[in-house]
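K.L.:
A predicted structure for the sequence below; I have some questions about it.
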Amino acid sequence: MSRPKNQNYKGHGLSKGKEREQRASIRFKTTLMNTLMDVLRHRPGWVEVKDEGEWDFYWCDVSWLRENFDHTYMDEHVRISHFRNHYELTRKNYMVKNLKRFRKQLEREAGKLEAAKCDFFPKTFEMPCEYHLFVEEFRKNPGITWIMKPVARSQGKGIFLFRRLKDIVDWRKDTRSSDDQKDDIPVENYVAQRYIENPYLIGGRKFDLRVYVLVMSYIPLRAWLYRDGFARFSNTRFTLNSIDDQYVHLTNVAVQKTSPDYHPKKGCKWTLQRFRQYLASKHGPEAVETLFRDIDNIFVKSLQSVQKVIISDKHCFELYGYDILIDQDLKPWLLEVNASPSLTASSQEDYELKTCLLEDTLHVVDMEARSLRADSPCW
Amino acid sequence: MLQEESDLSLIIAQIVQKLKGSNLYSQLERQAWASLQRPEIKLESLKEDIKEFFKISGWEKKLQNAVYSELSVFPLPSHPAAPPEHLKEPLVYMRKAQGSWEKRILKSLNSMCTELSIPLARKRPVGEQKELLNKWNEMGTDEPDLSLFRPVYAPKDFLEVLINLRNPNYENGDSLSFRTHLGLIQVPLKVKDIPELKECFVELGLNIGQLGIDDSTQVPPELFENEHVRIGQKVLAEQDSAAAQQYIRQGSPTALRAELWALILNISSQPEDVLYYEQLKTNVIQHDLLVDSLIYKDVKLTASNDDYYFVFEDYLYQVLLCFSRDTSVLSHFAFNSASPPKSYIRGKLGLEEYAVFYPPNGVIPFHGFSMYVAPLCFLYHEPSKLYQIFREMYVRFFFRLHSISSHPSGIVSLCLLFETLLQTYLPQLFYHLREIGAQPLRISFKWMVRAFSGYLATDQLLLLWDRILGYNSLEILAVLAAAVFAFRAVNLMEVTSLAAAENLAAHSEQFCTAPLFPELYRVQIPCTAELRQKEECSLLDSKSHSTEQRS
C-alpha cells in the first residue's frame, strides 16, 4: 500500500514562546466517542480540539497513525497513543516470529529452563508461507483441533476452527479463486494455531481474561500493569462437538453480542477480582498466586521479545489489551495482544472499570507535568 | 433437678429415635460387626473395646457430629403434652396469619394454572424426556416462553402481610409515648437489645480478630490470619462439627470454607446421597411441574441478570428443579410454621386419598428464591454436593425468612429487631425517614428476606453466612441491616423521598473506610465491621452507664 507523500508538514504542539506561556490547558484530540471521550472531557484543564486544530495529546486510531505519523512533527511534550510499529507485538504473525526469535536467544544465553518460560504461546504457523511446516505438525498430531485466525482482523472476524486438512484446502481454493481478478490486492495472511481443547470452564462456559498493560517506553522498558481487568464468558456451554459454533468458542463480546442468547443488560463479564475469589475458593490462594505470577511472566517476556524491534519514540505510549486463556491445569496461554482494546462499555460495571483504567492511564502519562507552567491556575 | 433430668432423657430419646433411622446407624452397626475380627476386641470387655475402637477410628466423632446436628436443627421439646402445632408455632394468631397467607398463595397459583390452562403436573412424553436429558447441563440455553407466568409473590407482598399482623390480646393504646414502636411491625415479640446482642455475639467484639478486617493487606498476617488458618486446618483434620461452628464465628479462610460449611452442616457426600440426587433428577426428567416454570422465570429474572451469578445459571436449574421434587424436605414442616400446600388429583377434589403435596417438597418458590442457591455455586461445583448443602441451609435457616412465626430467627422477629435497634440508637434518623414516608423496613426488608444475597459482594456475603452458620441464628441479618443505616446515617438525614433513601442505602456493595464517630474510631469495612459499629454504639452507652453507677 503506497502513501502519497504529504508535503504539508503538520506541526503539532508547536510552541512559540509567548503562546506557551499563555496556554494553560491541554488540547486533546480523539475520534473515539465512548468512555475515553467522557474521561478526557471531564479531566480538569483538558480541552478538546476538533478537525485540524493543534493538539498536545492525541488518542488516535491505528489507521491515522499509519498514514500520518511519519510526517507529523511533534513537540517535546506531545503524546500520542500508539507506537509506530506496534504491529510487531499485535499482529499475530509478527508476534509469533518475535517470540520465537527471542526464545532462541534466551535458550542460547540462559539455557532451556529459562527459554521454557516463553512457552505460553500455542504452536502457530504463518499461512501460507509456513504451510508445509504446518502440515508436518498436523500429521504428527492427528485428530486435534486447530484454529485459523486472520493476522490483522479483530473482534473475532474471520476466525474458524478445523480438524481436517481438507477443510483448509477447500478454504484456500475459495479465497484464491475470489482473488483471481484482483491481483494487486494482497492475499490476507492467516495463522494456524493449535486450539486449546481443555480450557478452564466456569459454569460449563469458556472464558478468556482481558488484562491491560500500559507501556510508556520500550527503551528503557517501562510498563504498567492495571490491577483490574475482566473475564469474558461465552454465552453457551463449551463442547468440542460443535466447532462450527462460533458462539461456543469465541469469547469476544463483539461475537457474543450477535448470539441469540445475548441479553445486553446481562453482560457476560466478571471482574478479575471476582475471578480470583472464585479460583481461590476452589483451588486455594497459592494456586491463584502462581497463576497470576505466570500471567505476569507472559507480559514481561512478550514485551521483552519486541523491545529491540519497536521504535521507541518518546512521544509514544500504548495501552495494550492482552487476551489470556487459562486451561484446566491452570496454565495461562497468550491468545493475542491488542493495540486498540475496546473502550466501549458493555455495562455499568464495565463503564466504571474502563473509566478508572483510562483515568489512571492519563495520570501515568502525566501531560500536566509536561505542558503546563508550575503556577498555572489548574494545579 | 428431676425436671431437667427428664427433659434430658426426653431429648436423648428423641435423638436416638431419629438417628436410628439414619444411614449412620447402619454404618455403625456394620463397623461394629466388622470390628469383631480385630485382635484388640476381647469378648470379656466387648462393649468397652468396641467403644474404644469407635473413638480411634473416628466413628465416634461422626456420631458426635450427627448428634450435634440434630441438636442444632430440631427444636427442643417444650412440654411433653404440647401438641405438634406448638412445635411449628406456639402463638395462635401467628399460626392463623400463616394459614391465611398460604391460602392466598395457593389461590394465586391455582388461578394462574386455570388462566393458562396448564396442569400443575404432567408426565413428559418420551421424546421430551430425552431432549431434557441431553440438555441437562445447559438448561439455561432453553428459552421457553415465560411471558405469561408471573412469580407467585414477591417480598413486597409478604411485607404487607407482616405489617398487618396483630396480636388480638395486646392493646397498644392510642397515645404516643416513648414506648410506642414507630416502625411497621406492630407485634410484641421479644427481641434482643444491644447488651444481649453483645453477649450473644461475643466473638465479634473489637478485641477479637476477624477475617474480613484483620486479614486485610495492611495488617501483617502473623498478627491473626496465619494462626487462624492453622486452627482452621486443625479443625478440619479433627472433623469436629461443634469446633468448626465455634471457629467459623471469626470468619472462614476462603480455601477452607467449602469444607467447613459441609462439616458444620454435617454433609458428607456418600454414594447414597449421590444416588438420591440422581433419583431426583430422574423425577425431573419424567414429570413436568408448573413450579418448574416459576423456577425458570425466577432464575431468568434474578440470578441470570446478576453480575456475579449469571455464570451459574445452569447449576441453579439443576438444584432448584430437583429441590421441588424432594419429599425429604417435608420433614422440616414439623418445626416450620408453614404447612405444605395440598393438591388433589384431577377430578378428586376433597378426597383425602387423592391428596398430594404440591410441589412434592411443599415449598412454593417466590421472586428471588434462586438467590439462596446462587452464592453457594462459588463454593461447590459438584451438583449433588451443591444440592445437599443448599437443602440443608434451607431447612435450617432460609425457610424462616418467608414464613410467619415468633421464632427469634423468624423474619418477623428480624424485622422487629431491626426496627427496635434503629429506633433505640438512631431515633432521629428513624423519625426523619418516617416523616418523609421512607420507613426503614421498606428498604431493608428485601435484604433480610434474601439474606443479603445479591445485595452484597460475594466475598462479603460469604463472610456474613459464615456467621449465620457459626451462631446458628439469622439475627445477624437484622443487625447488619441496622448497621448499614447507621453507616449511611449522615447522608440519609438529608434525603427527602423513599426513592432517594432506597438509592442511597442500596449501594451497600461498596463499603469503604469511613469514620463512624469522627472523634472515636476509623472503621474498616467489610460487613463485620458494621457490627463493630453497633458494638461501639453501645460501648459509648455502657461507658456512660458505668460512670453513673460509680458516682
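P.N.:
On my side now, so go ahead.

K.L.:
chain A contacts on chain B?
P.N.:
B:137-138, B:141, B:143, B:254-255, B:257-258, B:304-305, B:307-308, B:310-315, B:377-379, B:381, B:458-459, B:462 (C-beta under 8 Å from any C-beta of the partner chain). In this view, the C-beta of every residue, glycine as well, is placed from N, C-alpha and C.

K.L.:
just the buried ones from those?
P.N.:
Buried by 16 or more other C-beta atoms under 10 Å in any protein chain shown: B:137-138, B:254-255, B:257-258, B:304, B:307-308, B:310-315, B:377-379, B:458-459, B:462, out of the residues of chain B next to chain A.

K.L.:
show me the residues you listed that map onto helices.
P.N.:
Using DSSP state H, the members of those that fall in helices are B:257, B:258, B:313, B:314, B:315, B:458, B:459, B:462.

K.L.:
so what does the helix or strand that contains residue B:479 touch, helix or strand wise?
P.N.:
Take DSSP states H and E as the rule and residue B:479 turns out to sit in helix B:475-487. Helices and strands touching helix B:475-487, by 3 or more C-beta pairs under 8 Å, 6 or more residues apart in numbering or on different chains; DSSP states H and E, are helix B:194-200, helix B:411-425, helix B:440-449, helix B:458-471, helix B:527-550.

K.L.:
now the third one: mean pLDDT?
P.N.:
Spelled out, that is helix B:440-449. For helix B:440-449, the mean pLDDT works out to 91.

K.L.:
quick check: residue B:390 vs chain A, distance?
P.N.:
16 Å (C-beta to the nearest C-beta, to the nearest Å).

K.L.:
that residue: what's it in contact with?
P.N.:
Residues in contact with residue B:390 (C-beta atoms under 8 Å, 6 or more residues apart in numbering or on different chains) are B:319, B:323, B:372, B:373, B:376.

K.L.:
just give the nearest non-adjacent residue to residue A:270, would you?
P.N.:
residue A:231 (4.5 Å; C-beta to C-beta, 6 or more residues apart in numbering or on different chains).

K.L.:
now the helices for the stretch 151-300 of chain A?
P.N.:
If DSSP state H, counting those that start in this stretch is used as the criterion, the helices of the stretch 151-300 of chain A fall at A:165-178, A:246-249, A:253-256, A:272-283, A:285-306.

K.L.:
could you point out which element follows the last one?
P.N.:
Looking back up the chat, that one is helix A:285-306. Counting by DSSP H and E, what follows helix A:285-306 is strand A:318-326.

K.L.:
buried residues in that following strand, which are they?
P.N.:
A:318, A:319, A:320, A:321, A:322, A:323, A:324, A:325, A:326.

K.L.:
OK, contacts around the last one?
P.N.:
When the contact criterion is C-beta under 8 Å, 6+ apart, the partners of residue A:326 are A:199, A:200, A:208, A:209, A:291, A:332, A:333.

K.L.:
please apply the same query to residue B:264.
P.N.:
B:241, B:244, B:245, B:248, B:469, B:470.

K.L.:
gap between it and chain A?
P.N.:
Using C-beta to the nearest C-beta, residue B:264 is found at 16 Å from chain A.

K.L.:
residue B:477 contacts residue B:445, correct?
P.N.:
No. Taking contacts as C-beta atoms under 8 Å, residue B:477 lies outside contact range of residue B:445: 10.8 Å.
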